[in-house]
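>>> need a structure here:
(2 chains)
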2 protein chains.
Amino acid sequence: MPIVECVPNVSEGRRREVVESIVGAVSAVPGVRLLDRSSDSAHNRSVLTMAGEPVAMKAAVLALFEVAVRTIDLRSHRGEHPRLGAVDVVPFVPIEGVTMAECVALARETASDIASRFEVPVFLYEAAAMTPARTNLEDIRRGEFEGLAEKMAAPAWAPDFGPSRPHPTAGATVVGARMPLIAFNINLATDRLDVARRIAAAIRHSSGGFRYVKAMGIALEDRGLVQVSINLTNYEQTPIFRVFEAVRREASRYGVHVLESEIIGLVPAAALVGAAEYFLQIARFSADQVLETRLRGGAG
Amino acid sequence: MPIVECVPNVSEGRRREVVESIVGAVSAVPGVRLLDRSSDSAHNRSVLTMAGEPVAMKAAVLALFEVAVRTIDLRSHRGEHPRLGAVDVVPFVPIEGVTMAECVALARETASDIASRFEVPVFLYEAAAMTPARTNLEDIRRGEFEGLAEKMAAPAWAPDFGPSRPHPTAGATVVGARMPLIAFNINLATDRLDVARRIAAAIRHSSGGFRYVKAMGIALEDRGLVQVSINLTNYEQTPIFRVFEAVRREASRYGVHVLESEIIGLVPAAALVGAAEYFLQIARFSADQVLETRLRGGAG
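Model prediction:
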C-alpha cells in the first residue's frame, strides 16, 4: 500500500470553528490519517499533516478546499506569515512504496482539479515545478495576496492551472511535491549569537554550505543559549549526521560545545537509522534488517 | 494489534524435505509472518523467525511440533550445536503493543499445550523461568539429549510441564520469553587476536562487563582482521551505542582502530533510533516523532 504524506498550509489560525470544520472535512475522507495539526495565531495559519494512499490524499485536499474557499477571505486576512491564498501551500511527500515522480503526478492532477472545481489559479513548485523559476516557494509567494493580481498580469506569472487572475477571496494556491522536511535545531553551550550565525552561514546552501540545508542562528534568551536552527530539505542527499558533525566542528573552532539538539515534529525513521549506521560504522547494512520493516513487508 | 516474535530452533538442518514441511506447517497458520529462516548443515539445525499476534504464534508452535516430533529422531541426530530436543528452544519476544509479562504468560500456556499434546517435557527459561537456576539456556541444556534421562532423574531437574522423563525421540524442549537479541560484530583494523579477546573480556558480563553483553574475540583469517563478536541480550538496558563506544575506547588503548561493525540478521528500529539520539545528542525526543510510528498508530 503506497503512502503519501500531504501537508496543507491554510490561512486561518484564529477562528477556531473554521479550523475545526477544515479538520473535520479532511478527517471524514476514508483512508486519511491526520498525523498532526497546529494553528498559530500570530501567523494566522494552520498546518495539517496527513497521510494515506494517493487517491485519499487528493480527495482530502479537495474536501479541504471546499471548506476553505467558502470560509476564508484573504481580503481581510492579517498575519505575520507570508501567504498567497486561502489554501496557501499543498506539498505531497513520498513516504512508502511511492516515488517522487508519482507524487509529482499526484500534485499535477490535484492542481488541475482544484483549478477546475474552485476556479483558483494554481502554481506548481519544487519537484512538481514546470519551470526552474518556480522551484522555490518564496519566489512564487513574493508580493503575497495583496500583490498577486499585478504579478499575475505578467505573462511570466501565468498560473500552471486555472484562471489567469486571482480568485477574489481565495487568491492562488501553490501545489507541489517534495522530500520530507526535517526541522533540526542544535543548541550551543554559549550565549554568543555571532557564533550561531557564523555556523549557520557556514552550513547553509545560500551562503556556500550543504545543498539541502537552510539555517539561521538565533538566541534562546530565556535559556541564555544560542541555537543553529536548521531545515533539512532532503535528508537522503544531505544527511542529518553530516550536518551535525559539521556544526560540531565549526563550533569547536570557536571553543564552543554542542549542548544538545532537538527534532521538531516528525522525522522519517530512515534519517535516524542512517545516523546510527554512520556513527556505529555499520557496514553492509540493509533497510530490511530493521525488524519493523520486515514485519510490514515480510514474506509469508 | 499486539505483535510477538517467536524464534523456534529445530534440530534438523540437513534433510531439506523435513525442513520444508516444518516451514510449510507454520506458514499455513493464519496470521503468521515468516520473517526469516536459516538452516545450518554443520550444526544440523534450523532457526525460524516468525511474528504475529500471540494466538497465531502459539498455533504456529504447535503446528511445528506436529511435524517435528513425527520426523526428527534425536537418537540418530548428529551436529555441532548443543541440543536437548527435536524442537530445541522456543523463545517468545515482545515486539509491539505487548509486554514481557504477556510473553511470559504466552510461553507458559504454549509450554503446557506442548506437554499435554505431544508428551514432551518442557523447561521454562529466561523471563519465563520459574526458578533462577533455569534462567540460562546453557544450564538447562548441559548434558544434551544424550544425558537428559539421567539429568531428569534428579528432582532438581523435574520439568516445568509434562512427563518426568524425556520423550524417546523428541527429547525435551526449552520454552521462554526474552528481549530481542542483537548480533553485533565489531571488526578491528588489526590481526592481533589477543586485542579482540581482551576487549571481549572487558565488555562481557561473565568477566565483569556490561550486564546484557556476551562477547568473544575471533580471527577473520581470510580478511587478516580480528572481530569482537557480540550478542546484546537486552538493548534497552545495555544499549548498542554504549557497547560500541566502550569497544572503541578499549581498542584505542592498544593503538587499534575500529574498522567497521556489522549487524547480523534483524535489529529493532528502537535500537538504532536510540543510537541516533545518543550520537546526535537529541534532547526531549519521543518515539512518536518517528513518522512511521505515527503512521501505524496515528489518530483519526
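>>> what about the longest strand in chain A?
Counting by DSSP state E, the longest strand found in chain A is strand A:87-96.
>>> for that strand, name the packing helices and strands.
strand A:3-6, strand A:9-10, helix A:54-71, helix A:100-118, strand A:122-126, strand A:173-177, helix B:291-297 (3 or more CB pairs under 8 Å, 6 or more residues apart in numbering or on different chains; DSSP states H and E). C-beta coordinates here come from the backbone N, C-alpha and C atoms, glycine included.
>>> next, the angle from the fifth one to strand A:173-177.
Between the axis of strand A:122-126 and that of strand A:173-177 there is an angle of 40 degrees, by axes from the mean of the first three to the mean of the last three CA atoms, to 10 degrees.
>>> for the helix or strand where A:Gly217 lies, packing partners?
Element membership for A:Gly217, per DSSP states H and E: strand A:213-220. With contacts defined as 3+ CB pairs under 8 Å, 6+ apart, strand A:213-220 has these neighbours: helix A:193-203, strand A:225-232.
>>> what's in contact with the longest one?
Outside of helix A:193-203, the residues within contact range by CB atoms under 8 Å, 6 or more residues apart in numbering or on different chains are A:188, A:207-210, A:213, A:215-219, A:226-230, A:243, A:246-247, A:250-251, A:254, A:256.
>>> how many residues are close by the closest residue to A:His257 other than its chain neighbours?
Nearest residue to A:His257, sequence neighbours excluded (CB to CB, 6 or more residues apart in numbering or on different chains): A:Ala189, at 4.6 Å. Residue crowding around A:Ala189 was assessed by other CB atoms under 10 Å in any protein chain shown; the count is 13.
>>> mind checking pLDDT for A:Ala189?
For A:Ala189, the pLDDT comes out at 97.
>>> so which of the helices and strands packed on strand A:87-96 is the most packed in?
Neighbour counts (mean count of other CB atoms under 10 Å in any protein chain shown) averaged over each of those peak at strand A:173-177, with a mean of 28.
>>> figure out how far the following helix or strand past it is from the centre of its chain.
Sequence order places strand A:182-188 as the next helix or strand after strand A:173-177, per DSSP H and E. Offset of strand A:182-188 from its chain centre (CA atoms, centre = their mean, to the nearest Å): 16 Å.
>>> what does stretch A:124-144 give?
When C-alpha coordinates are averaged (CA atoms, centre = their mean), stretch A:124-144 and its chain have centres 13 Å apart.
>>> closest residue of the stretch 101-250 of chain A to chain B?
In the stretch 101-250 of chain A, no residue comes nearer to chain B than A:Phe244, which is 5.3 Å away by CB to the nearest CB.
>>> where does that residue sit: helix, strand or coil?
Under the three-state scheme (DSSP: H, G, I helix; E, B strand; the rest coil), A:Phe244 adopts helix.
>>> which pLDDT does the model give it?
pLDDT, A:Phe244: 98.
>>> same deal with the one 10 residues further on?
In this prediction, A:Tyr254 carries a pLDDT score of 97.
>>> same deal with A:Glu96?
Predicted confidence (pLDDT) for A:Glu96: 87.
>>> number of residues surrounding it?
Neighbours of A:Glu96 (other CB under 10 Å): 17.
>>> what sits against it?
A:1-3, B:292, B:295.
>>> and those, which is closest to B:Pro121?
Nearest to B:Pro121 out of those is B:Glu292 (CB to CB; 42.5 Å).
>>> could you find the closest non-adjacent residue to the closest one?
Using CB to CB, 6+ apart, the nearest residue to B:Glu292 is A:Ala269, at 4.8 Å.
>>> next one: A:Thr169
Leaving aside its chain neighbours, A:Thr169 sits nearest to A:Asp73 (4.4 Å; criterion: CB to CB, 6+ apart).
>>> just to be sure, A:Arg37 is in a strand?
Yes - counting by three-state DSSP, A:Arg37 is found in a strand.
>>> doesn't A:Gly24 make contact with it?
No - A:Arg37 lies out of contact with A:Gly24 (CB atoms under 8 Å); the separation is 11.3 Å.
>>> okay, those two: which has more neighbours?
A count of neighbours by other CB under 10 Å puts A:Arg37 above the other of A:Arg37 and A:Gly24, at 17 against 12.
>>> circling back: quick check: the two most widely separated of the contacts of A:Glu96?
Farthest pair in the contacts of A:Glu96 (CB to CB) is A:Pro2 and B:Glu292. Separation: 14.2 Å.
>>> so, low pLDDT: which residues of the stretch 151-300 of chain A?
Low-confidence segments of the stretch 151-300 of chain A (pLDDT under 70): A:297-300.
>>> so which bits of the stretch 151-300 of chain A are right by chain B?
Contact residues, the stretch 151-300 of chain A versus chain B (CB under 8 Å from any CB of the partner chain): A:180, A:187, A:240-241, A:244, A:258-263, A:265-269, A:272-273, A:275-277, A:279-285, A:289-295, A:298-300.
>>> show the contacting residues for A:Met130.
Applying CB under 8 Å, 6+ apart, the residues near A:Met130 are A:124, A:160.
>>> mind checking pLDDT for it?
Model confidence at A:Met130, given as pLDDT, is 96.
>>> how near is it to A:Ala101?
Distance, A:Met130 to A:Ala101, using CB to CB, to the nearest Å: 14 Å.
>>> go on, A:Asp160?
17 Å.
>>> over to A:Arg294?
Distance, A:Arg294 to A:Ala101, by CB to CB: 26 Å.
>>> just A:Arg14 next, same as before
A:Arg14 is 38 Å from A:Ala101, where distance means CB to CB.
>>> beta partners for the closest residue to A:Ser206 other than its chain neighbours?
Closest residue to A:Ser206 apart from its sequence neighbours, by CB to CB, 6+ apart: A:Lys214 at 7.4 Å. Note on A:Lys214: beta-bridge partners by DSSP bridges are A:Asn231.
>>> select only the buried ones of the contacts of helix A:193-203 in PyMOL?
If you want just the buried ones from those in PyMOL, going by 16 or more other CB atoms under 10 Å in any protein chain shown, the selection is:
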select buried, chain A and resi 188+209+210+213+215+217+226+227+228+229+230+243+246+247+250+251+256
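>>> sorry, back to before: got the contact list for the strand holding A:Gly217?
Outside strand A:213-220, the residues that touch it by CB under 8 Å, 6+ apart are A:187, A:191, A:193-201, A:203-206, A:209, A:225-233, A:238, A:243.
>>> and those, which are buried?
Burial by neighbour count, judged by 16+ other CB under 10 Å, picks out A:187, A:193, A:195-201, A:203-204, A:209, A:225-233, A:238, A:243 from the contacts of strand A:213-220.
>>> what sits against A:Phe241?
Going by CB under 8 Å, 6+ apart, the list of residues near A:Phe241 reads A:274-275, A:278-279, B:276, B:279-280.
>>> among those, which one lies nearest to B:Gly176?
Taking CB to CB as the measure, B:Ala276 is the one of these closest to B:Gly176, at 30.8 Å.
>>> could you pull up the residues touching that closest one?
Residues near B:Ala276 by CB under 8 Å, 6+ apart: A:241, A:272-273, A:275-276, A:279, B:282.
>>> and the two most separated of the residues you listed?
Longest distance between any two of the contacts of B:Ala276 is 13.9 Å, between A:Val273 and B:Ile282; criterion CB to CB.
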